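[1] Next one to model:
(one chain, ligands or ions: 3)
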Amino acid sequence: MPLVTTTEMFKKAYDGGYAVGAFNVNNMEIIQGITEACREEKAPVILQVSKGARNYANPTYLVKLVEAAVIECPEIPIALHLDHGDSFETCKSCVDGGFTSVMIDASGKPFAENIEITKKVVEYAHDHGVVVEAELGTLSGIEDEVSHAVGSYTRPEEVEEFVAKTGCDSLAIAIGTSHGAYKFKPEQCTRNEQGILVPPPLRFDVLEEVVKRLPGFPIVLHGSSSVPQDYVKMINDNGGNMPDAVGVPEEQLREAAKLAVCKINIDSDLRLAMTGTVRQYFNEHPDHFDPRQYLKPARANIKELVRHKLIDVLGCAGKA
Ligand code: G3H
Ligand code: 13P
Ligand code: ZN
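    Ligands and ions are numbered 1, 2, ... in the order given. Model prediction:
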């Protein structure tokens, strides 16, 4: 099947109590690792491209690589999404360039301005058959150009007016997730009886209040990497220096997916898997220099990590 929008995916996910994985893509190996796992597990998938990824790879290359994945995986629905579009112009360029979904992230702007710019993007996108994700509330965390040092939870009392006035198709909300691989610092966590660091719990009360006000409406969670400790260790055992951090607990994401959360964004975990694998490969094979040799196990580990997310976190395996 050709690239799809997220409309049908989200309807099925909402009704089925699962979420679709939205994975960030920067190069061929990442796209292959993700889509091979999704094809084998019969899972729908959203491949998303940030402004930084477009600058890195050149927009045309990423679109064409995603189109190649669509040809290779004809049996699963694949959407191509702009992650954190920062302006009408960026969103327009993606709509014109073959994306089926765009995010306009004006969450850092005042409420009225967020509505104004989101509405403008929605009008253009809908005229071209493309769906729009918007955001209310800001995530903390550090990830290139997309987040803020200090976040603020979504105010549920704003969501109905925002969705009614903008016409957006899905809404990203801030309930305590955070961008990047450095979340959450030990000083932000508490210790449980076993002495294990526990991050601040997600604000399910905020999510539930949003769901009450927007019944049936698809909700999105950004910053949902769980910072797998085995990959942090692999990086640090092989010359890296990643600080102690605890990601978003996977059980909490699974619970959110059973509610109205239809899209869960995961980027940093794949980066950790790729970097850990490549670092370990170089340590074990100091004489190797062919990129295919070290990218092959990196791609394989991304695939296995995505498989785990599909089955154990998102609940979307078998839903294609
Ligand atoms: O939330 C943002 C994504 O992780 C993309 O990050 O801007 O480094 O491509 P990036
Ligand atoms: P992570 O940094 O937690 O993977 O979040 C990714 C994201 O939200 C992309 O928009
Ligand atoms: Zn994000």
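[2] which of the residues in the helix or strand hosting residue 255 are buried?
    Using DSSP states H and E, residue 255 sits in helix 250-258. For helix 250-258, the neighbour count (16 or more other Cβ atoms under 10 Å) marks 250, 252, 253, 254, 256, 257 as buried. To be clear about C-beta, it is placed using only N, CA and C from the backbone, and glycine gets the same treatment.
[3] For stretch 48-59, which outside residues touch it?
    22-27, 62, 80-86, 90, 93-94, 97, 99, 144-146, 265 (Cβ atoms under 8 Å, 6 or more residues apart in numbering).
[4] still on that earlier bit, dump the buried residues of helix 250-258 to TSV, plus distance to ligand 2 and pLDDT.
    TSV is the format used below for the buried residues of helix 250-258 (distance: Cβ to the nearest ligand atom, whole Å; pLDDT from 0 to 100):
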residue	distance to ligand 2	pLDDT
250	12	98
252	13	98
253	10	98
254	16	98
256	14	98
257	15	98
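[5] How many residues are close by the closest residue to residue 93 other than its chain neighbours?
    In this structure, residue 93 finds its nearest non-sequential neighbour in residue 59, 7.3 Å apart by Cβ to Cβ, 6 or more residues apart in numbering. Residues near residue 59, counting by other Cβ atoms under 10 Å, number 19.
[6] Look up phi and psi at residue 59.
    phi -50, psi -40 (degrees, to the nearest 10).
[7] Selection in ChimeraX covering whichever of the contacts of stretch 48-59 are buried, please.
    The following ChimeraX line selects those of the contacts of stretch 48-59 that are buried, judged by 16+ other Cβ under 10 Å:
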select :22,23,24,25,26,27,62,80,81,82,83,84,85,86,90,93,94,99,146,265
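[8] Inside helices: which ones of the contacts of stretch 48-59?
    Using DSSP state H, the subset of the contacts of stretch 48-59 located in helices is 62, 90, 93, 94.
[9] closest to ligand 1 among the residues you listed?
    Nearest to ligand 1 among the ones in helices among the contacts of stretch 48-59: residue 62, at 11.1 Å, using Cβ to the nearest ligand atom.
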